[in-house]
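> Could you look at this predicted model? Sequence included:
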Amino acid sequence: MICPHPVIEMHESNWQRGVYALTDATLLPDDDTLLTAAEGALRGGLALLQYRDKSSDEAHRYRQAAALAGLCREFATPLIINDDVALAARLGVGVHLGQQDAAVAGARERLGPGVLVGATCHGSLELAARARRAGASYLAFGRFFASRTKPGAPPAELSLLGEAARFGLPRVAIGGIDGDRAARAVAAGADLVAVVHAVFGAGAAASEAAVRELRQRAGFTS
Ligand SMILES: Cc1ncc(COP(=O)(O)OP(=O)(O)O)c(N)n1
Ligand SMILES: Cc1nc(C(=O)O)sc1CCOP(=O)(O)O
Ligand SMILES: [Mg+2]
């Protein structure tokens with residue numbers, strides 16, 4: 001397990017703009033690696049962190065998510081749980097839901113008005129309109145580029161991000177995003193860039209520098 005931290009750098013929670021990192025059970029295979037990588041990423045200035053673990057081991061998922069929730073609280077950065085509304089409710093944190101997951105409206109009702117509920121909208125303004133009506137906190141579009149993490153995700157056009165401004169919610173761009181592509185996504189209208197490999201692909205010790213570089217290249221530091 002990770003050691004206690006004598007000095008924690010606090011980042012004011014401004015989750016609506018910046019780098020949004022998703023954990024990955026293959027790149028971060030054990031608790032120590034996961035928490036070291038997550039702490040580095042938070043220290044680098046993440047806007048949001050998502051716990052994404054597709055395993056069916058509930059005790060494992062609870063243990064890791066609870067540890068991440070504690071870490072995120074120290075950095076005043078919201079934690080989002082992928083797919084699992086019950087786990088999010090248990091921890092009092094946000095949830096991200098795709099088209100094959102539980103309904104956004106039900107999650108909003110269960111979690112309450114103050115909790116973040118994110119929605120996958122792929123390349124569709126119609127899905128975005130539905131997610132907004134159902135109470136989503138942000139709209140995620142993608143994949144915009146070839147993704148090593150999820151190669152089969154349906155593709156989307158960057159021009160969609162500008163059109164999605166009409167919904168008045170933070171727009172998340174996901175899928176194969178690195179420094180150059182983050183800048184392109186932000187220029188097209190993304191408020192947040194969601195990444196796995198660009199933050200966690202180079203090892204747990206590299207996550208802080210990776211977030212700092214992404215923030216700088218995407219223009220989130222100005
Ligand atoms: C920020 C963000 N955007 C999209 C997704 C994908 O969600 P989903 O379509 O439900 O696919 P899985 O992640 O569950 O495989 C996401 N998780 N986060
Ligand atoms: C989890 C996920 N969802 C996507 C979508 O398009 O809905 S792309 C993706 C993986 C993003 O990882 P990377 O930054 O390594 O490409
Ligand atoms: Mg899902």
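Sure, I can see it. What you are looking at is a predicted structure, and each value in this text was computed from that prediction instead of being measured. Ligands and ions are numbered 1, 2, ... in the order given.
> can you list the residues that contact stretch 211-222?
17-19, 21, 40-41, 44-47, 178-180, 182-183, 185-186, 193, 195, 198-199 (CB atoms under 8 Å, 6 or more residues apart in numbering). For glycine as for every other residue, the C-beta is placed from the backbone atoms N, C-alpha and C.
> could you pull out the helices for this structure?
In the chain, the helices defined using DSSP state H lie at 31-43, 58-74, 85-91, 104-111, 125-133, 159-163, 179-188, 197-200, 207-218.
> looking at the ones you listed, which is closest to ligand 2?
Nearest of the helices of the chain to ligand 2, taken as CB to the nearest ligand atom: helix 197-200 at 3.5 Å.
> what pLDDT, on average, does that closest one get?
What helix 197-200 shows for mean pLDDT is 98.
> contacts for it?
Counting by CB under 8 Å, 6+ apart, 19, 21, 23-24, 27-28, 37, 41, 147-149, 176-179, 182, 207, 210-211, 214 sit against helix 197-200.
> Now, of those residues, which are buried?
19, 21, 23-24, 27-28, 37, 41, 147, 149, 176-179, 182, 207, 210-211, 214 (16 or more other CB atoms under 10 Å).
> Just give the closest residue to Leu127, not the sequence neighbours.
Spatially, and ignoring its direct neighbours in sequence, Leu127 is nearest to Cys121 (4.2 Å; CB to CB, 6 or more residues apart in numbering).
> circling back to that earlier point, got the helices of the chain as a markdown table, with distance to Arg171 columns?
Shown next, in a markdown table, are the helices of the chain (distance: least, CB to CB, whole Å):
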| stretch | distance to Arg171 |
| --- | --- |
| helix 31-43 | 21 |
| helix 58-74 | 22 |
| helix 85-91 | 22 |
| helix 104-111 | 16 |
| helix 125-133 | 9 |
| helix 159-163 | 5 |
| helix 179-188 | 9 |
| helix 197-200 | 18 |
| helix 207-218 | 13 |
